[in-house]
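*Asks:* Take this sequence and fold it.
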Amino acid sequence: MMSFVLPAWMYDLIIYLYALSLLFYFSDFVETSRIKKRMATGLLYFVWFLQTVFFMARMFEYRSLTVMTMFESLFFYAWLLLTISLVINRFFRMDLIVFAVNLLAFVVLLMNLFSSDSLQALSETELIRDELIVIHVTMAFASYIAFTLAALLAVFYLWLHRQLKRKKWSNLTKRLPHLAQIETYMFWCVVWGLPLFIINILLAVIWSWQQGGLIEWNDPKIYNTLLVALAYVFFLYQKMARRVSGVSLARYNLLAMLFVILNYAVSNFLSDFHNWVWH
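*Replies:* Residues are numbered from 1 along each chain as shown. Model (predicted):
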């Protein structure tokens with residue numbers, strides 16, 4: 001009997017949509033929004049649908065529910081967590097619990113993606129490794145783009161603030177959004193970029209653990225990556241807990257971006273961190 005092969009793009013789609021849903025939930029916690037809540041919930045339902053299709057396809061071929069391998073068991077466990085979270089969301093409206101349950105389910109799916117069983121369940125080893133690299137690189141670039149946009153907005157904020165303080169008007173100053181808008185856009189770039197960055201770290205850590213610890217934990221890239229994450233956590237703390245705004249917040253953002261640039265330099269000149277990808 002021909003074995004069922006889950007298309008790699010389908011698992012990728014589940015991962016991406018799950019991450020996007022968690023981002024919407026996270027941004028809703030930062031600032032309550034009915035639209036963001038609906039987007040997050042809608043994406044969860046679609047992820048549940050894709051996971052259900054997987055089980056139905058396997059049951060159709062094998063005429064039984066196959067949860068015999070570690071890959072299948074963890075996938076089923078993640079599906080159950082998602083199902084429970086949707087029930088909680090429907091009848092109890094406990095957003096924080098729903099977010100925590102789905103965050104756990106998402107981590108399980110990530111771990112399962114790197115498991116040895118998944119290599120047989122999804123595709124050939126090299127193909128799966130390529131898919132993992134695509135996910136890793138995509139999320140890394142997405143987070144760096146968000147951080148870059150935030151840094152550019154911080155530069156515009158500082159420049160516009162200086163021009164307004166000196167009462168210097170020009171066509172450029174008139175074409176820019178007002179300071180409050182720039183600050184808001186800068187803040188939300190970080191709100192979206194930081195979770196993606198942390199997810200990307202998690203991908204690398206889980207992959208290394210599943211492959212027997214290929215990452216050298218004393219590599220300077222590790223410490224610089226953690227510094228980047230902490231820098232943006234500090235930025236959000238200043239904004240949300242201490243209510244820092246304006247020039248100070250823009251400067252904190254640029255300081256965090258300096259850690260990103262340093263992290264890139266370390267990766268290219270001082271670190272062997274990404275050599276494991278090409279082995």
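
*Asks:* And the helices in the stretch 51-200 of the chain, which stretches?
*Replies:* 70-91, 95-113, 116-122, 125-165, 171-175, 179-210 (DSSP state H, counting those that start in this stretch).

*Asks:* Nearest to Ile261 among the ones you listed would be which one?
*Replies:* helix 125-165 (9.3 Å; CB to CB). Placement of C-beta: from N, CA and C, glycine included.

*Asks:* avg pLDDT for that closest one?
*Replies:* In this model, helix 125-165 carries a mean pLDDT of 78.

*Asks:* Domains in this protein, by residue range?
*Replies:* Domain assignment of the chain by automatic domain parsing yields the ranges 8-123, 128-278.

*Asks:* Residue nearest the middle of this protein, spatially speaking?
*Replies:* Leu196 (2.5 Å; CA atoms, centre = their mean).

*Asks:* what's near enough to touch that residue?
*Replies:* By CB atoms under 8 Å, 6 or more residues apart in numbering, Leu196 lies in contact with 19, 23, 139, 142-143, 146.

*Asks:* Skipping adjacent residues, who's closest to it in space?
*Replies:* Ser143 (4.0 Å; CB to CB, 6 or more residues apart in numbering).

*Asks:* pretty sure that neighbour is touching Asn200, no?
*Replies:* Yes - using CB atoms under 8 Å, Ser143 is in contact with Asn200, at 6.2 Å.

*Asks:* tell me which element Val260 is part of?
*Replies:* helix 246-269 (DSSP states H and E).

*Asks:* Now do that helix, average pLDDT.
*Replies:* 85.

*Asks:* quick one: that helix to chain centroid distance?
*Replies:* 19 Å (CA atoms, centre = their mean, to the nearest Å).

*Asks:* how big is the angle separating it from helix 179-210?
*Replies:* 30 degrees (axes from the mean of the first three to the mean of the last three CA atoms, to 10 degrees).

*Asks:* Using CSV, write out every CA atom in helix 246-269.
*Replies:* The C-alpha coordinates for helix 246-269 follow below in CSV (Å, rounded to 0.1, in the frame of the first residue of the first chain):
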residue,chain,number,x,y,z
GLY,A,246,8.8,60.6,22.2
VAL,A,247,12.5,61.1,21.8
SER,A,248,13.6,58.7,24.5
LEU,A,249,11.6,55.9,23.0
ALA,A,250,13.0,56.6,19.5
ARG,A,251,16.6,56.5,20.9
TYR,A,252,15.9,53.2,22.7
ASN,A,253,14.7,51.8,19.3
LEU,A,254,17.9,52.9,17.6
LEU,A,255,20.0,51.4,20.3
ALA,A,256,18.2,48.1,19.8
MET,A,257,18.9,48.3,16.1
LEU,A,258,22.6,48.7,16.8
PHE,A,259,22.5,45.3,18.5
VAL,A,260,20.8,43.9,15.3
ILE,A,261,23.7,45.3,13.2
LEU,A,262,26.2,44.0,15.6
ASN,A,263,24.5,40.6,15.5
TYR,A,264,24.7,40.6,11.7
ALA,A,265,28.4,41.5,11.8
VAL,A,266,29.2,38.8,14.3
SER,A,267,27.3,36.2,12.2
ASN,A,268,29.4,37.0,9.1
PHE,A,269,32.8,37.6,10.6
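
*Asks:* Packing partners of that helix?
*Replies:* helix 125-165, helix 179-210, helix 220-240 (3 or more CB pairs under 8 Å, 6 or more residues apart in numbering; DSSP states H and E).
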